[in-house]
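Asks: test case, fold it:
(one chain, ligands or ions: 1)
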Amino acid sequence: MIRTTLVVGALLLGVSAVVAQQDLVKQNQDTMKANAKNLGAMIAMVKGEKPYDQAAVTEGLAQLEETARKLPTMFPDSIKGMNPADSKYEVSPKIWKDKAGFHAKIEEFAKVVTEAKPKITDLDTLKANAPAIGKACGNCHETFRIKKG
Ligand code: HEC
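Replies: This is a model prediction of the structure:
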């Protein structure tokens, strides 16, 4: 009886660990979607599709900085091989094989965002700095994200 309880307990712990990992995968996907929403809004301003909105820009840049802070711990070994559901993208296994390379991309992204943030004060400075941010996103995706299909 005690033995059964222990086994059931261990199984339940295993289940909750998987749930936690799936939550992390989902959180990562949500972070990436928020990045796209915020950078997308800035690009729309650059293209003149939306009026320049300093509050939205400041908030968006703060979220991107937050992403840069989170990235180093977003893909622990415990979620190796796990991918977000309903996504066109998968995580490249290179994230776990080439940790130094992955961290170099994070550093590059963090640097670009941190440097751009104080410089962006109007449409002209947004135009001058937003493309470099998009490029840093793309540089990581190129190596560490896989498009399905
Ligand atoms: C250091 C690496 C890295 C950086 C920097 C990065 N991403 Fe990602 N991104 C990934 C990985 C890995 C995935 C696939 C796994 C996932 O979605 O969690 C991804 C997935 C995505 C997705 C797909 C989400 C979905 O719907 O499933 C979008 C959109 C995205 N990123 C946007 C961005 C934008 C915009 C930026 C820059 C502001 C950015 N990312 C910066 C690594 C990165």
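Asks: where does the protein dip in pLDDT?
Replies: Scanning the chain with the threshold set as pLDDT under 70 gives 1.
Asks: quick check: residues of it near the ligand?
Replies: 28-29, 32-33, 35-36, 39, 64, 71, 84, 87, 89, 91, 105-106, 109, 133, 136-137, 140-141, 144-145 (Cβ under 6 Å from any ligand atom). Yep, even glycine has a C-beta here, placed from its N, CA and C like the rest.
Asks: one more pass at 5 Å, please.
Replies: 28-29, 32, 35-36, 39, 84, 87, 89, 91, 105-106, 109, 137, 140, 144-145 (Cβ under 5 Å from any ligand atom).
Asks: in helices only, show me the residues you listed.
Replies: With helices taken from DSSP state H, the overlap with the residues of the chain next to the ligand comprises 28, 29, 32, 35, 36, 39, 105, 106, 109, 137, 140, 144.
Asks: redo these as TSV? Include distance to residue 54 and neighbour count.
Replies: Putting those into TSV (distance: Cβ to Cβ, whole Å; neighbours: other Cβ atoms under 10 Å) gives the following:
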residue	distance to residue 54	neighbour count
28	29	20
29	29	17
32	25	18
35	19	19
36	21	12
39	16	18
105	29	20
106	27	19
109	23	22
137	22	20
140	27	19
144	32	18
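Asks: which one of the residues you listed is nearest residue 12?
Replies: Taking Cβ to Cβ as the measure, residue 12 lies nearest residue 28 of those, at 24.8 Å.
Asks: so who does the residue lying closest to the closest one once chain neighbours are set aside touch?
Replies: Using Cβ to Cβ, 6 or more residues apart in numbering and skipping residues adjacent in sequence, the residue nearest residue 28 is residue 74, 5.1 Å away. Residues in contact with residue 74 (Cβ atoms under 8 Å, 6 or more residues apart in numbering) are 24, 28, 31.
Asks: cutoff 10 Å now
Replies: 24, 25, 27, 28, 31, 32, 67, 91, 95, 106 (Cβ atoms under 10 Å, 6 or more residues apart in numbering).
Asks: show me where the protein has helices.
Replies: 2-46, 54-74, 94-97, 99-119, 123-144.
Asks: now the angle from the fourth one to helix 54-74?
Replies: Translated: helix 99-119. 160 degrees (axes from the mean of the first three to the mean of the last three Cα atoms, to 10 degrees).
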